[in-house]
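Engineer: Need coordinates for the below:
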Amino acid sequence: MTGGNEIRLVVGLGNPEESQQNDRHNVGFWLLDGWAGKNQAPLSPSARHSGISGKCPNGVSFLKPTTYMNLSGQSVASYANYYGLEAKKILVAHDDLDLSAGCVRLKYGGGHGGHNGLRSITQSLGSDAYYRIRIGIGRPEPGRDVSSFVLGKPSSKERLIISSRIDDVLALSDEILSGSFESAMNVLNRRDNN
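Structural biologist: Numbers count the residues shown, from 1 in each chain. Purely as a prediction, here's the structure:
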């Protein structure tokens, strides 16, 4: 992703209930809150778009859908349609079971990998041609229910690892928003290997 394809909307996925804010499934919200804060973009309710949104001085918008995860696409599509944003201008931060806790990957397009939030966004946008920040939460032990795992809280060690990796992403936010995904991914990969 280079010149002309800068990100205009960053979406963080999670569930809106106060009791779920520290669940693994809400790591997208964790990242978005940090990113909006770093960019001086106060977030406020947006009934029009079923979410909490804000805009920073450079014009990048931030959105936390207040629908449940499996309806996130309604909020994202509403925002994108209202502001005339193409899918390729959208970056979605979400939890990923297939990555170990704290592992971060940047990705463009592709399937939803069983993630209901991504499934909803792809369906609502009519396209999977948007960018993703996949934030690893790991997998449950064999025999443990996946749903209760993603809706559960990470251990303090896992939370520390995930928070540290979110800080790494935030340190690269200017590169990511400007379209330098490959450069940012190289830095993140080096940190994964240390």
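Engineer: All the helices of the chain, residue numbers only.
Structural biologist: 27-38, 72-83, 116-125, 146-150, 156-171, 173-178, 181-192 (DSSP state H).
Engineer: Please name every helix or strand in contact with the longest one.
Structural biologist: Contact here means 3 or more CB pairs under 8 Å, 6 or more residues apart in numbering; DSSP states H and E; on that basis helix 156-171 packs against helix 27-38, strand 104-108, strand 131-136, helix 181-192. Glycine gets a C-beta too; all of them are placed from N, C-alpha and C.
Engineer: I'd like the ones you listed written out as CSV, with mean pLDDT added.
Structural biologist: Converted to CSV, these look like this (pLDDT from 0 to 100):
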stretch, mean pLDDT
helix 27-38, 94
strand 104-108, 93
strand 131-136, 96
helix 181-192, 84
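Engineer: Pro45 is nearest to which of the helices of the chain?
Structural biologist: helix 72-83 (11.7 Å; CB to CB).
Engineer: Which strands and helices lie in contact with the closest one?
Structural biologist: Counting by 3+ CB pairs under 8 Å, 6+ apart, helix 72-83 packs on strand 9-12, strand 51-55, strand 61-65, strand 90-96, helix 116-125.
Engineer: returning to that earlier point: with distance to Ser61 added, can I get the helices of the chain in CSV?
Structural biologist: Below are the helices of the chain laid out as CSV (distance: least, CB to CB, whole Å):
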stretch, distance to Ser61
helix 27-38, 9
helix 72-83, 7
helix 116-125, 15
helix 146-150, 27
helix 156-171, 17
helix 173-178, 11
helix 181-192, 19
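Engineer: With distance to Asn5 and mean neighbour count added, can I get those in CSV?
Structural biologist: Shown next, in CSV, are the helices of the chain (distance: least, CB to CB, whole Å; neighbours: other CB atoms under 10 Å):
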stretch, distance to Asn5, mean neighbour count
helix 27-38, 18, 23
helix 72-83, 15, 21
helix 116-125, 16, 21
helix 146-150, 31, 14
helix 156-171, 19, 16
helix 173-178, 9, 18
helix 181-192, 9, 16
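Engineer: which residues sit in contact with Asn39?
Structural biologist: Cys56, Pro57, Asn58, Val60, Phe62, Ser173 (CB atoms under 8 Å, 6 or more residues apart in numbering).
Engineer: Could you rerun that using 7 Å?
Structural biologist: Residues in contact with Asn39 (CB atoms under 7 Å, 6 or more residues apart in numbering) are Cys56, Val60.
Engineer: Next up, the contacts around the residue positioned nearest the centre of the chain.
Structural biologist: Nearest to the mean C-alpha position of the chain, counting by CA atoms, centre = their mean, stands Ala93 at 1.0 Å. Ala93 makes contact with Val10, Val11, Gly12, Leu13, Gly28, Leu31, Leu32, Ile133, Ile135 under the criterion CB under 7 Å, 6+ apart.
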